[in-house]
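K.L.:
Here is the input, now give the coordinates:
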Amino acid sequence: MAEEVILLDFWASPFGMRVRVALAEKGIKYQCKEEKLDNKSQLLLKANPVNKQIPVLIHNGKAVCESTIILEYIDEVWKDKSPLLPCDPYERAHARFWADYVDKKIHRNGLKLLMSKGEEQETAKKDWIECFKVLEGELGEKPYFGGQSLGIVDVGLIPFYLWFNTLETLANFSMEAECPKIVGWGKRCMGNDSVSQTLPDLHKIHKILVDFMG
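P.N.:
Numbers count the residues shown, from 1 in each chain. Got it, this is the predicted structure:
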């Protein structure tokens, strides 16, 4: 019996992007159903009645919500290719810690920087840069957060690489000057087909971010 995998998503969502990258890494065939965030489908409302948010992965009729939880689910169900989490319990806990750091810090601080001006923007810029300096410390000399290949932290973080150009232009700074290891990491990630052929065009992301600012 063929497996049915459906992803409820919105193309510009960094949280949806990370799920699409994970599915591509695993080579999983799926149907993507694009949601309108101002007119959510009954399928989405039924699949995620608590938060009513994308992304939602529906696997053989069962819904899994919240992007990082979805990544872990994908890794546990499709174990035979491209593991996102290490086998060692300590290393798994360590990876989960940094995935949680990304979840709690990057999107929130990115939105603050996107929406602020003046002194607030300067503070938001410092917070954004500091988050990535912390991540640079964790990356160290490894090519990826997952070591020699993409892991859950890489997959969770790489969609925000597409925000760099817009935020740099908006707040007049350079990620390459401030966090060169992170920029190098982003370029390496983009060298993977599962990333480069999955993430949307940079210019489209720039446009939607600018439109979001109003």
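K.L.:
Now do the helices in this structure.
P.N.:
14-26, 42-47, 67-77, 89-115, 118-139, 152-157, 164-171, 175-178, 180-190, 193-196, 202-213 (DSSP state H).
K.L.:
Turn the ones you listed into CSV, columns for mean pLDDT and distance to residue 6.
P.N.:
The way it works is simple: take the backbone N, C-alpha and C, and place the C-beta from them, glycine included. What follows is the helices of the chain, written out as CSV (pLDDT from 0 to 100; distance: least, Cβ to Cβ, whole Å):
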stretch, mean pLDDT, distance to residue 6
helix 14-26, 98, 11
helix 42-47, 97, 8
helix 67-77, 98, 12
helix 89-115, 97, 23
helix 118-139, 98, 32
helix 152-157, 98, 19
helix 164-171, 96, 31
helix 175-178, 98, 35
helix 180-190, 98, 26
helix 193-196, 97, 19
helix 202-213, 92, 23
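K.L.:
which one of these is the most hemmed in?
P.N.:
Ranked by mean neighbour count, the helices of the chain are led by helix 152-157 with a mean of 28 (mean count of other Cβ atoms under 10 Å).
K.L.:
And the contacts of that one?
P.N.:
18, 21-22, 25, 67-68, 71-72, 75, 84-85, 95-96, 98-99, 102-103, 106, 135, 138, 144-146, 185, 189 (Cβ atoms under 8 Å, 6 or more residues apart in numbering).
K.L.:
any idea how far it is from the chain center?
P.N.:
Put simply, helix 152-157 sits 6 Å off its chain's centre (Cα atoms, centre = their mean, to the nearest Å).
K.L.:
With stretch 40-49 instead?
P.N.:
Here stretch 40-49 is found 22 Å from its chain centre; the criterion is Cα atoms, centre = their mean.
K.L.:
now do stretch 204-214
P.N.:
For stretch 204-214, the distance to the chain centre is 17 Å (Cα atoms, centre = their mean).
K.L.:
again with stretch 24-40
P.N.:
On Cα atoms, centre = their mean, the centre of stretch 24-40 falls 14 Å from that of its chain.
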